[in-house]
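>>> Fold the following, please.
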Amino acid sequence: MDDLDLIRERADAVGLAAAEDLAPARERLLAAARAGRPRRARRWCWTAGAAAGLAAGITAVVALAPAGETGAGVGVGVAQADPVRVLTEAAAAALGEPGTPPRPDQFLYVKTEFPDHHVREVWLSVDGTRDGLIDDTKVPGCRDGKAPIYGANDPSKEGTLEDCRPSPAYRTDLPTTADAMSAYLDDHHSGEKGDVNALGKDVITLAYEQALPPASAAALFEAAAKVPGLTALDHVTDGAGRPGVGITWPVPPGSSPRAQPELLVFDATTHRFLGTRGSAVTAKAFVDQAGQRP
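Residues are numbered from 1 along each chain as shown. Reported below is the predicted structural model:
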């Protein structure tokens with residue numbers, strides 16, 4: 001039995017402190033981790049966010065999932081772990097990932113698996129200026145404010161240029177503290193202001209097909225931990241059938257009775273983000289060319 005096992009055993013015996021009591025210690029712990037985080041050269045990056053198409057697919061799967069199911073037919077129960085502690089540990093895990101940034105000319109490769117065995121692969125430009133791929137469909141890069149049109153219904157428009165702004169796959173523009181990330185999520189919310197279930201979708205978006213530096217990835221989960229009404233669930237599986245602990249956002253008051261809460265799945269041991277009940281990130285890395293697999 002190691003130190004973490006002893007801590008968990010003790011926590012189960014005496015119970016968990018309230019979230020507000022844990023907050024100061026959590027901030028001190030993560031601040032210290034940021035100051036002393038080792039810098040290791042490694043090309044894998046495990047925390048990223050979803051493009052609009054993937055986010056829509058995730059939302060559809062979540063909305064259609066029957067109540068009480070979390071993938072692969074596994075029932076759920078309230079977890080022993082506190083949701084704040086799960087997300088805090090997820091933040092610490094993200095902060096411990098290698099922090100060496102990719103080269104601007106590289107691509108972020110992400111493989112996503114779904115319960116129906118469908119696989120989605122994307123290669124997205126790190127700096128947003130180079131043509132990438134979603135499966136076998138070209139994704140135009142934005143260079144000098146112009147991007148080529150690919151896959152146009154009108155063949156005469158194929159390859160012509162339109163105005164654009166680069167969409168980097170590696171997000172260096174995001175906050176690195178919980179409070180600043182909370183403000184960012186509030187300012188860039190996808191649903192109605194105060195809709196915490198929509199906030200859950202926004203967290204998913206940033207945790208899939210975009211790459212975040214470790215400090216921003218940690219801040220994302222720290223900010224998520226501040227959302228009121230979170231619930232932790234045991235015995236959940238992600239879209240690839242991997243078991244983990246789930247975190248749900250409450251459905252807003254007045255929602256349809258069929259509305260389902262967002263559910264994020266984390267590895268119960270490593271605390272890495274795995275995906276949702278309807279999808280799973282099974283590979284993520286920086287590669288040198290679109291179409292190249294790690």
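>>> Now residue 265: which helix or strand?
In the assignment (DSSP states H and E), residue 265 maps to strand 263-266.
>>> got the contact list for whatever helix or strand comes next after that strand?
Using DSSP H and E, the helix or strand that follows strand 263-266 in sequence is strand 273-276. The contact list for strand 273-276 (C-beta atoms under 8 Å, 6 or more residues apart in numbering) reads 46-47, 58, 61-62, 90, 94, 112, 204, 207-208, 221, 238-240, 242, 244, 262-267, 280-281. Quick note: C-beta positions are derived from backbone N, CA and C, even for glycine.
>>> 7 Å - rerun?
Contacts with strand 273-276, where a contact means C-beta atoms under 7 Å, 6 or more residues apart in numbering, come from 47, 58, 62, 90, 204, 207, 238-239, 242, 244, 263-267, 280-281.
>>> Which of these fall in strands?
With DSSP state E as the criterion, strands contain 244, 263-266, 280-281 from among these.
>>> My understanding was that residue 189 contacts residue 196; is that so?
No. If you go by C-beta atoms under 7 Å, residue 189 and residue 196 don't touch, sitting 9.8 Å apart.
>>> before we move on, back to that, from the ones in strands among the contacts of strand 273-276, which one has the minimum pLDDT?
Lowest pLDDT among the ones in strands among the contacts of strand 273-276: residue 263, with 88.
>>> That residue and residue 112: what is the separation?
Distance, residue 263 to residue 112, by C-beta to C-beta, to the nearest Å: 16 Å.
>>> Next one: residue 237 from residue 263, what distance?
From residue 237 to residue 263 the distance is 10 Å (C-beta to C-beta).
>>> same check, this time on residue 178
The value you get for residue 178 to residue 263, if C-beta to C-beta is used, is 21 Å.
>>> what about residue 171, neighbour count?
If you count neighbours by other C-beta atoms under 10 Å, residue 171 ends up with 16.
>>> What does the pLDDT read for it?
pLDDT for residue 171: 96.
>>> That one contacts residue 208, doesn't it?
No. Using C-beta under 7 Å, residue 171 is not in contact with residue 208, being 11.9 Å away.
>>> Centroid-nearest residue for this structure?
The centroid of the chain falls nearest to residue 207 when counting by C-alpha atoms, centre = their mean (1.7 Å).
>>> Can you give the distance of the strand holding residue 265 from its chain's centre?
9 Å (C-alpha atoms, centre = their mean, to the nearest Å).
>>> try stretch 178-193
Distance of stretch 178-193 from the chain centroid (C-alpha atoms, centre = their mean) equals 15 Å.
>>> again, but for stretch 150-164
32 Å.
>>> in that stretch, what's buried?
residue 164 (16 or more other C-beta atoms under 10 Å).
>>> Mean confidence (pLDDT) on it, please.
Stretch 150-164 comes out at a mean pLDDT of 86.
>>> Equivalent analysis for stretch 105-125, please.
pLDDT averaged over stretch 105-125 gives 97.
>>> Settle this for me: residue 271 is touching residue 87, isn't it.
No. Taking contacts as C-beta under 7 Å, residue 271 lies outside contact range of residue 87: 8.9 Å.
>>> any idea how far residue 177 is from residue 213?
13 Å.
>>> swap in residue 98?
Using C-beta to C-beta, residue 98 is found at 10 Å from residue 213.
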